[in-house]
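>>> Sequence plus the predicted model coming up.
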Amino acid sequence: MVATWRAIQLAESSRRRAASTRRGFLRCMVMPSQQAASSRAQLSMAVTLRMGASSLNNSPVAKANSSESPSRRDSPLRSLARLTFPVLDAAARVPSTNGSLLGSQPRPPFCTPLLNTMAAAGETTDWGKISVLHWQGQPLQVRRLGQDGNPPLVLIHGFAAAAGHWRANAPAFAAAGWRVYGLDLLGFGASGQPFLVQDNRTWAQQVLHLIEQRIREPVVIVGHSLGALVGLTAAVDRPELVKALVLAPLQDPALLKPLPRRRRPLCRRWQRLLTILQRWLVPWPLILWLFSRPWLLGLGLRAAYHQRHRVDPPLLRLFARPCRRPGAAGSLAGMTMGMMAARPPQATAPELSRRITCPVLALRGREDRLAPPAMAQAVARLRPDWPLQVLEGCGHCPHDEDPKRFNGMVLAWLRETFPA
């Protein structure tokens, strides 16, 4: 009995040491060499204690007093997983609103040169000066980079992303003489997450609000995926505020199967009923919880990225962080209801493309599996006057997979379009 109690005490003590050193594991990555060496030594000791506790649990005394079946006992692989996976999960949970790598703690002074180097290399999603703009009482996070007096350029992110996704593009555009703005659309990034039935028309109103309230002159819009559809909608709604548009790429299921201009009354009633029911019947919190898991999120992003080395921890945090906020489930339900059920045919890409008047450049990755070639072909049939450029070796996110080529194509087209 005494041996059993001693075994339990040692196992619990080692568990606490391992939990306390998970935070130390993250500190090792940003501490100076002397402190890092000390922390690595503590981590090594904790792993040793953990292995010792595992051996103690497999001792004859522990086995004789254990009520679990042999199949339920911890294997060495399971013990390693218990130590490692929470560390990775803690790394994915790190917020960056204050630029910190370690939870809510302030950024240590010695980390600043390292983070500045990462920012210059495009390895962090934090760029520009951050401010808040309110639209209908909801906060919208805005990023700004570049000198006053330069022509304005607005970057619009895709679905589930944020303005930080333009990490490798905004600095290049600003260096080329543009005043760059990035907007977190409502429901995404650090902006508000209300339950609101939203579609591309709602998000376009937020972009136009930014132009009217902050920029106050016509802009160039560069949009990715859903952001391209939002930019297209804004250019049709207020053509005097959008002087050029880059679609990189344009994604809308209506390009493959256009919506009928008129639907039967019974179909409309049935669709409204489904729209109401899906808010309460679909397990939105479970979907978001699964989506925010690093391993599953990584699989999803690798399906979108052909250059998979670009799927790094800052990118995973950019996509995972909004999913863990309190209003995420209701916000996702609202935007899904809006995009899948509430949109009229006049708000789809085929109808909007016919009405656009400003210069447009279309871009896509050759290996894009989310916006297949049939979508680009549909756009080419609708608007053969729009130039289409294809980036070889890129998937759905060419702006982040090969930013050097992407930035060069966009800037070259802008110099041709606006020679002055």
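Good, I have the coordinates.

>>> In three-state terms, label the closest residue to Leu388 other than its chain neighbours for me.
Of all residues not flanking Leu388 in the chain, Ala362 sits nearest, at 4.5 Å (CB to CB, 6 or more residues apart in numbering). Yep, even glycine has a C-beta here, placed from its N, CA and C like the rest. Put simply, Ala362 is strand when judged by DSSP: H, G, I helix; E, B strand; the rest coil.

>>> For Ala362, list each beta-bridge partner.
Beta-bridge pairing for Ala362 (DSSP bridges): Leu247, Leu388.

>>> pLDDT below threshold where in the stretch 151-300 of the chain?
259-280 (pLDDT under 70).

>>> what's around the nearest residue to Val219 once chain neighbours are set aside, how many residues?
Among residues not flanking Val219 along the chain, Pro152 sits closest, at 4.5 Å (CB to CB, 6+ apart). Using other CB atoms under 10 Å, Pro152 has 21 neighbouring residues.

>>> Leu155: which element?
strand 152-156 (DSSP states H and E).

>>> Might you report the residue contacts of Met339?
Gln198, Asp199, Asn200 (CB atoms under 8 Å, 6 or more residues apart in numbering).

>>> Secondary structure class of it, three-state.
From three-state DSSP, the assignment for Met339 is helix.

>>> Pull the CA coordinates from the strand holding Leu155 and hand them back as CSV.
The C-alpha coordinates for strand 152-156 follow below in CSV (Å, rounded to 0.1, in the frame of the first residue of the first chain):
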residue,chain,number,x,y,z
PRO,A,152,-4.2,54.1,-52.0
LEU,A,153,-4.4,50.3,-52.5
VAL,A,154,-6.8,48.1,-50.5
LEU,A,155,-6.1,44.5,-49.8
ILE,A,156,-9.2,42.2,-49.2
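
>>> What residues sit buried inside that strand?
Pro152, Leu153, Val154, Leu155, Ile156 (16 or more other CB atoms under 10 Å).

>>> and what of stretch 391-401?
Applying 16+ other CB under 10 Å to stretch 391-401 flags Leu391, Cys394, Gly395, His396, Cys397, Pro398, His399, Asp400, Glu401 as buried.

>>> try stretch 284-299
For stretch 284-299, by 16+ other CB under 10 Å, it's Trp284, Ile287, Leu288, Phe291, Ser292, Pro294, Leu297, Gly298.

>>> By neighbour count, which of the contacts of Met339 wins?
Highest neighbour count within those: Asn200, with 25 neighbours (other CB under 10 Å).

>>> All the strands of the stretch 201-350 of the chain, residue numbers only.
219-225, 242-250 (DSSP state E, counting those that start in this stretch).

>>> looking at these, which is buried most?
Mean neighbours per residue, mean count of other CB atoms under 10 Å, is largest over these for strand 219-225, with a mean of 27.

>>> mind giving me a markdown table with the buried residues of stretch 284-299 and columns for distance to Val222?
Below are those laid out as a markdown table (distance: CB to CB, whole Å):
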| residue | distance to Val222 |
| --- | --- |
| Trp284 | 30 |
| Ile287 | 29 |
| Leu288 | 28 |
| Phe291 | 26 |
| Ser292 | 27 |
| Pro294 | 29 |
| Leu297 | 25 |
| Gly298 | 26 |
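
>>> Sort out for me which of those are in helices.
If you go by DSSP state H, the buried residues of stretch 284-299 have Trp284, Ile287, Leu288, Phe291, Pro294, Leu297, Gly298 in helices.

>>> Pipe the strands of the stretch 201-350 of the chain into TSV and attach distance to Trp166 per row.
As requested, these are exported to TSV (distance: least, CB to CB, whole Å):
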stretch	distance to Trp166
strand 219-225	8
strand 242-250	11
